[in-house]
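Peer 1: Take a look and give me a structure for this.
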Amino acid sequence: MSTINDGFKVFDPRLMTSFSKTDFKITIKRSLFRSLRGKVKILGTGELVPLYSYLESEANKMGVAGVIKWGGKLMMVPVSTIEKKENGTYTPKYFFTKSPHYNQYTTLKIKLPVPKLDKNNNPIGEELQEQTFYAEGNDRDKLFAILENDVDMAPDLEGIDDDLERLETILDAIFHDIIISKKKIYFVFPQDPDEEDWRKVNDLWEKNIMGYIALPKSAQDTGIGKDGVMKEGIDPDKVQLQVFQPENKGRDLWADYRNFMREMLWKHGIRFDVLENKPERAPVKEVESSNSYFDNIDNERRQVRQNFLNWVIRNWGGDYTLVYK
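Peer 2: You can find the predicted model right below:
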């Protein structure tokens, strides 16, 4: 898990109707992941600088990312995959091993492309062969390093798809409630107005003027209308104005939305101002307490990245510094 400063604020849920539900999920997830990747960058000189953004993205999504030295250069490699169990749940499968006695990586086994040779040792293509790398040793070309997303090697936004489906349900209900709960104004006439009267009504309403009932009489106050009924004109005193607004006796949908957002922000470690609704700012201790949960996540995240960087500098060299926003 990791904290996200403003990933959710770049997306306005009220714009949900402007794109499909699939785009809705993709847009939010992309915004959140971009916010994560933008929180830390690496400065300095060495092969790791241009590689780090890809490592960070892989760690965000998979929980871990791997680096080896292959062909004399640092290269990012996938070190885990996601497997679906029979009960429908998903679990990570790692290509590396750890010592059962202490928290230390030991070996990494992955398949890499190597030259395929003919009988005369001439290259005729490539084939995948399993290679073994080690966490410690004197041969730098056989070492590997793991960038952990956090101490639990957990990916960010775990379960976000289910959460977004729940958010969609709440927003759909809100938009539906807005549509059916709009106030409706009815004019009840003692007789059907003539076409000329309807034209005047339409002209006035297009100009945002409610002036029809202020007319002294119908334009045709005598004679027989198209329906064969004698027209006596429409007396404004006989025009009734009714306002209809459905009574919503159900749940407070906006409260559902606010509660869901707060629950999801805490669950995924998305930093937000828990005191934003207070009329005055709280004392410093209260502010610090409200942010301690997110601060702890940030500190843990920074530590595992610093551990990774220290290992790279010690074994492969380079001059690097991690910078946090």
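Peer 1: contacting residues around the residue nearest to residue 105 when sequence neighbours are not counted?
Peer 2: Spatial nearest neighbour of residue 105, chain neighbours left out: residue 135 (4.0 Å); criterion: Cβ to Cβ, 6 or more residues apart in numbering. For every residue, glycine as well, the C-beta is placed using N, CA and C. Residue 135 makes contact with 104-108, 143-145 under the criterion Cβ atoms under 8 Å, 6 or more residues apart in numbering.
Peer 1: Against residue 311, how distant is residue 135?
Peer 2: To residue 311, residue 135 is 9 Å away according to Cβ to Cβ, to the nearest Å.
Peer 1: just residue 28 next, same as before
Peer 2: Per Cβ to Cβ, residue 28 is found 34 Å from residue 311.
Peer 1: More neighbours: those two, which one.
Peer 2: Using other Cβ atoms under 10 Å as the criterion, residue 28 and residue 311 rank with residue 28 on top: 21 against 18.
Peer 1: Doesn't the more buried one belong to a helix?
Peer 2: Yes: looking at residue 28 with DSSP: H, G, I helix; E, B strand; the rest coil, it is inside a helix.
Peer 1: So which residues of the stretch 101-250 of the chain form strands?
Peer 2: Using DSSP state E, counting those that start in this stretch, the strands found in the stretch 101-250 of the chain span residues 105-117, 123-134, 144-148, 184-188, 240-244.
Peer 1: is it possible to export those strands to JSON lines including mean neighbour count and mean pLDDT?
Peer 2: Shown next, in JSON lines, are these (neighbours: other Cβ atoms under 10 Å; pLDDT from 0 to 100):
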{"stretch": "strand 105-117", "mean neighbour count": "14", "mean pLDDT": "90"}
{"stretch": "strand 123-134", "mean neighbour count": "12", "mean pLDDT": "90"}
{"stretch": "strand 144-148", "mean neighbour count": "22", "mean pLDDT": "95"}
{"stretch": "strand 184-188", "mean neighbour count": "10", "mean pLDDT": "64"}
{"stretch": "strand 240-244", "mean neighbour count": "9", "mean pLDDT": "62"}
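Peer 1: Adding distance to residue 98, write these out as JSON lines.
Peer 2: Formatted as JSON lines, the strands of the stretch 101-250 of the chain follow (distance: least, Cβ to Cβ, whole Å):
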{"stretch": "strand 105-117", "distance to residue 98": "6"}
{"stretch": "strand 123-134", "distance to residue 98": "13"}
{"stretch": "strand 144-148", "distance to residue 98": "10"}
{"stretch": "strand 184-188", "distance to residue 98": "66"}
{"stretch": "strand 240-244", "distance to residue 98": "68"}
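Peer 1: Could I get the full set of helices for the stretch 51-200 of the chain?
Peer 2: With DSSP state H, counting those that start in this stretch, the ranges of helices along the stretch 51-200 of the chain come out as 160-180, 195-206.
Peer 1: List the buried residues in the first one.
Peer 2: When you say that, I think you mean helix 160-180. Buried residues in helix 160-180, counted by 16 or more other Cβ atoms under 10 Å: 160, 163-164, 167, 170-171, 174, 177.
Peer 1: for the shortest one, same thing?
Peer 2: When burial is assessed from 16+ other Cβ under 10 Å, helix 195-206 yields the following buried residues: 197, 200-201.
Peer 1: counting contacts, what elements does the helix or strand residue 41 falls within pack onto?
Peer 2: Using DSSP states H and E, residue 41 sits in strand 40-45. Secondary-structure packing of strand 40-45 (3 or more Cβ pairs under 8 Å, 6 or more residues apart in numbering; DSSP states H and E): helix 48-62, helix 284-316, strand 319-324.
Peer 1: and the angle from the shortest one to helix 284-316?
Peer 2: Put simply, strand 319-324 runs at 160 degrees to helix 284-316, going by axes from the mean of the first three to the mean of the last three Cα atoms, to 10 degrees.
Peer 1: Mind listing the strands strand 319-324 pairs with, and their directions?
Peer 2: Under the criterion DSSP bridges, strand 319-324 sits next to strand 40-45 (antiparallel) in its sheet.
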